[in-house]
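Enquirer: Give the three-dimensional model of this entry:
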Amino acid sequence: TELRAGDIVLLHFTPTLEADLRRTLEAARAAGLKPAQLRDHVGE
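Expert: Numbers count the residues shown, from 1 in each chain. Sure, this is the predicted structure:
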């Protein structure tokens, strides 16, 4: 699955979190995307 602008990625604290995060960031870079924190884009 390819990441697209606006996609929300949810990661869980599991033994594979570090590898999952690296893979997610790599996919984002490959898609030309810049990760951002969700809280910066939603109202309170």
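Enquirer: how about the helices in this structure?
Expert: Ranges of helices in the chain, per DSSP state H, are 17-30.
Enquirer: pLDDT weak spots in it?
Expert: 1 (pLDDT under 70).
Enquirer: Might one say that L17 is in contact with L11?
Expert: Yes: here L17 lies in contact with L11, judged by CB atoms under 8 Å, at a distance of 6.2 Å. From N, CA and C alone the C-beta is placed, and that goes for glycine too.
Enquirer: Give me the most central residue, the chain.
Expert: Within the chain, one residue has its C-alpha closest to the average C-alpha position: by CA atoms, centre = their mean, that is V9, at 4.4 Å.
Enquirer: if I look at the closest residue to it other than its chain neighbours, how far off is I8?
Expert: Leaving aside its sequence neighbours, V9 sits nearest to T24 (CB to CB, 6 or more residues apart in numbering; 5.5 Å). The gap separating T24 from I8 is 11 Å, by CB to CB, to the nearest Å.
Enquirer: So between those two, which is more surrounded?
Expert: T24 (14 against 6; other CB atoms under 10 Å).
Enquirer: any idea how far G32 is from D20?
Expert: 21 Å.
Enquirer: The two: which is more packed in?
Expert: D20 (14 against 8).
Enquirer: Now that that one has come up, it's in contact with L11, right?
Expert: Yes: using CB under 8 Å, D20 is in contact with L11, at 5.5 Å.
Enquirer: on that earlier part again, find residues that contact each of T24 and I8.
Expert: Residues touching both T24 and I8 (CB atoms under 8 Å, 6 or more residues apart in numbering): none.
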